[in-house]
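> fold the following.
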Amino acid sequence: MAFKAVAGPAEDKSAHRFLVVGPSGIGKTYLSSTIPGVFIVGVESGLKGKSPHHNPQTWSDPETGLPVLPKTIEELHEAIELAAQQPGIRHVVVDKLSGIEKLLYRKVCAIEKVAHMGAKDFKAVWSAATPLWDRLYDHLDNVRLKYGVHIWILADASDEYANVTETGDTYLRYDIHMMGSGRSLAEVRSKLRSWVDHVFFLNWATTVKKGKSMGAKTTVQYGTRVLHTREKPSYFAKTRFNMPDSIPATWQDLAGAMKNGKANSAESLAAAIKALLPELSEADAASVNTSMLTANTAAQLAQVLERARGLAATSDDRGEGDATASTADELDVPVMATRQPETASADNRTAKPHQPSEAAQAVAEAMGEAMTQDALTGVAIQINNNAGLSTADKAWLKPVFKREQKRINDDAEAAAQAAGEEDAA
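Have a look, this model is predicted:
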């Protein structure tokens, strides 16, 4: 092989590798379906979560129109390479990581002649999966370089407790949801993070709003979906682009940030909002226009734009008088009284209950409203980044989280048992 020296580092213009991580149902498939020139290779299901106003290519049965899913890891390799060869395709999305795992580990179990991944001692079966992961990444790289397509992998996030070794404290952290445990899980996660060029964490932007007067309710507000590009204690993220730490979760903003090193300007966002106003009902247009005029930053304008797009997308399904709330305040989660766990006083002779702040009560109430583990975690994860919560507040919230987690699990088990009894009847 002949090597040629060049003056200064050569610019790598090859296609990129992306990993988008977020709670289940947050809109990873929706976001990827809005990318121009995209082919989505479904592994577990079809495109139920795609944007209704975009038509990404995918594999489907020409007669029934139903999605065609790979049944083996070999079929997945073939589906990815054939997708990259389709005319006009610049992005190949694999949806999603958990489906890849099932196919890959099914192959490993067949090779090792075992029924499941934990069948042998010393993680032997998990270790046998390493060559298959390496082969997958090598094949994705070959496809990426041969056809010049960007590779995207979508993955669910799981919430886990992480330890701060210096203090012994624990905190909630989102990580890539993958099978396994211990060292084997850590290794496969680390390899995936190292292989990709970018890890974007997708989640809701939430804020805690204190009441303006004595006795007024403190509320938790859900804003727009946000893509985080830099690592923080509550999640892992990275990028090779010069991008802002967080950007609105739209393809327009992501493409602009990757190209220019920054999110779309306030002027371009305002122009996009104005272009959508004729598509809205009179009431909705007036509401959006008011929100646009009162927005002070590009981030606020991005929230207005996403709302305007949502109104435009659903305008046919709503009547003239069905204008949505003009402010986020009308989507607030009310705060209710919660039980207060007791904490020992300094002299250990009496038990003194901690009086939680309004911000802590707002988070606790939002936890109580959560109906799924993902929704519960989406609220709890904000504890780490909430400057309005004291150390005592966070300690008070920990048993609240565990109690609500048990409630959701118990409800799910009861529902499953009831469904089983109905089937038996």
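
> so the nearest residue to residue 303 once chain neighbours are set aside: helix, strand or coil?
Spatially, and ignoring its direct neighbours in sequence, residue 303 is nearest to residue 224 (4.3 Å; Cβ to Cβ, 6 or more residues apart in numbering). (C-beta placed from N, C-alpha, C; glycine too.) What DSSP: H, G, I helix; E, B strand; the rest coil gives for residue 224 is strand.

> could you do residue 146 as well?
Residue 146 ends up helix, using three-state DSSP.

> from now on call the first residue 696
Got it, first residue is 696 now, which makes that one residue 841.

> and it, what does it touch?
residue 779 (Cβ atoms under 8 Å, 6 or more residues apart in numbering).

> let me know the pLDDT of it.
pLDDT recorded at residue 841 is 96.

> report the contact partners of residue 818.
Applying Cβ under 8 Å, 6+ apart, the residues contacting residue 818 are 877-879.

> ok, 10 Å please
812, 824, 875-880, 882 (Cβ atoms under 10 Å, 6 or more residues apart in numbering).

> before we move on, the earlier item: wait, the residue nearest to residue 998 touches residue 990, no?
No: at 12.0 Å, residue 919 does not count as touching residue 990 under the criterion of Cβ atoms under 10 Å.

> in which helix or strand does residue 777 reside?
helix 768-779 (DSSP states H and E).

> tell me the buried residues in the longest strand seen in the chain?
Scanning the chain for the strand with the most residues, using DSSP state E, yields strand 845-858. Going by neighbour count (16 or more other Cβ atoms under 10 Å), the buried part of strand 845-858 is 845-854.

> neighbouring strands - and their directions - for it?
Strand pairing for strand 845-858, determined by DSSP bridges: strand 712-717 (parallel), strand 786-790 (parallel), strand 865-871 (antiparallel).

> and that strand, how far out from the chain's middle?
Here strand 845-858 is found 8 Å from its chain centre; the criterion is Cα atoms, centre = their mean, to the nearest Å.

> then that strand to CSV, C-alphas only?
The C-alpha atoms that make up strand 845-858 are tabulated as CSV, following Å, rounded to 0.1, in the frame of the first residue of the first chain:
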residue,chain,number,x,y,z
HIS,A,845,-25.2,8.4,6.1
ILE,A,846,-26.0,5.6,8.5
TRP,A,847,-28.5,6.2,11.3
ILE,A,848,-29.4,3.8,14.2
LEU,A,849,-32.4,4.6,16.4
ALA,A,850,-32.3,3.3,20.0
ASP,A,851,-34.5,3.5,23.0
ALA,A,852,-33.2,4.9,26.3
SER,A,853,-33.3,3.3,29.7
ASP,A,854,-33.1,5.0,33.0
GLU,A,855,-30.5,3.8,35.4
TYR,A,856,-28.9,4.9,38.7
ALA,A,857,-25.3,6.1,38.4
ASN,A,858,-22.9,6.6,41.3
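
> let me know the angle separating that strand from helix 768-779.
Strand 845-858 and helix 768-779 are oriented at 130 degrees to each other (axes from the mean of the first three to the mean of the last three Cα atoms, to 10 degrees).

> so which of the buried residues of strand 845-858 is the closest to residue 942?
Closest approach to residue 942 among the buried residues of strand 845-858 (Cβ to Cβ): residue 847, at 16.5 Å.

> doesn't residue 716 make contact with the closest one?
No: judged on Cβ under 10 Å, residue 847 makes no contact with residue 716 at a distance of 11.6 Å.

> which neighbours do those two share?
Listed as contacting both residue 847 and residue 716 by Cβ under 10 Å, 6+ apart are 723, 895.

> okay, and the common contacts of residue 919 and residue 990?
997-1000.

> can you redo those as CSV with secondary structure, pLDDT and neighbour count?
Below are the shared contacts of residue 919 and residue 990 laid out as CSV (DSSP: H, G, I helix; E, B strand; the rest coil; pLDDT from 0 to 100; neighbours: other Cβ atoms under 10 Å):
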residue, secondary structure, pLDDT, neighbour count
997, helix, 71, 27
998, helix, 70, 20
999, helix, 80, 24
1000, helix, 77, 29
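
> need the residues you listed in TSV (columns: distance to residue 744).
Converted to TSV, the shared contacts of residue 919 and residue 990 look like this (distance: Cβ to Cβ, whole Å):
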residue	distance to residue 744
997	21
998	21
999	24
1000	21
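
> returning to that earlier point: only whichever of the contacts of residue 818 are buried, select them in ChimeraX.
Selection of buried members from the contacts of residue 818 for ChimeraX, criterion 16+ other Cβ under 10 Å:
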select :812,824,875,879,880,882
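
> just give me the closest of the contacts of residue 818 to residue 771.
Looking across these and measuring by Cβ to Cβ, the closest to residue 771 is residue 824, at 14.7 Å.

> contacts only, for that closest one.
Residues in contact with residue 824 (Cβ under 10 Å, 6+ apart) are 796, 799-800, 802-804, 806-807, 812, 818, 874-875, 879, 883.

> need the per-residue pLDDT for it.
94.

> could you do residue 771 as well?
At residue 771, pLDDT is 97.

> and it, how many neighbours does it have?
Counted with other Cβ atoms under 10 Å, the burial measure for residue 771 works out to 21 neighbours.

> and the nearest residue to it once chain neighbours are set aside, which of the three is it?
Counting by Cβ to Cβ, 6+ apart, residue 771 lies nearest to residue 765, which is 4.1 Å off, once chain neighbours are set aside. Under three-state DSSP, the three-state class of residue 765 is coil.

> go through stretch 735-744 and flag the buried ones.
Residues of stretch 735-744 classed as buried: 735-738, 741-742, 744 (neighbour count, 16+ other Cβ under 10 Å).

> end-to-end on that stretch?
12 Å (Cα to Cα, to the nearest Å).

> from the chain's centroid, how far away is it?
The answer for stretch 735-744 is 16 Å, by Cα atoms, centre = their mean.

> now swap in stretch 723-732 and tell me
Put simply, stretch 723-732 sits 14 Å off its chain's centre (Cα atoms, centre = their mean).

> can you give me the end-to-end span of stretch 721-737?
Taking Cα to Cα as the criterion, the two ends of stretch 721-737 lie 17 Å apart.

> how about stretch 749-762?
With Cα to Cα applied, stretch 749-762 spans 17 Å between its terminal residues.

> strands of this protein, start to end?
712-717, 733-737, 786-790, 845-858, 865-871, 893-904, 914-923, 941-943, 1037-1039, 1046-1048.

> out of these, the one nearest residue 1061 is which?
Nearest to residue 1061, of all the strands of the chain, is strand 914-923, at 4.3 Å by Cβ to Cβ.

> for the closest one, what is the average pLDDT?
77.

> distance check, residue 767 against residue 822.
21 Å (Cβ to Cβ, to the nearest Å).
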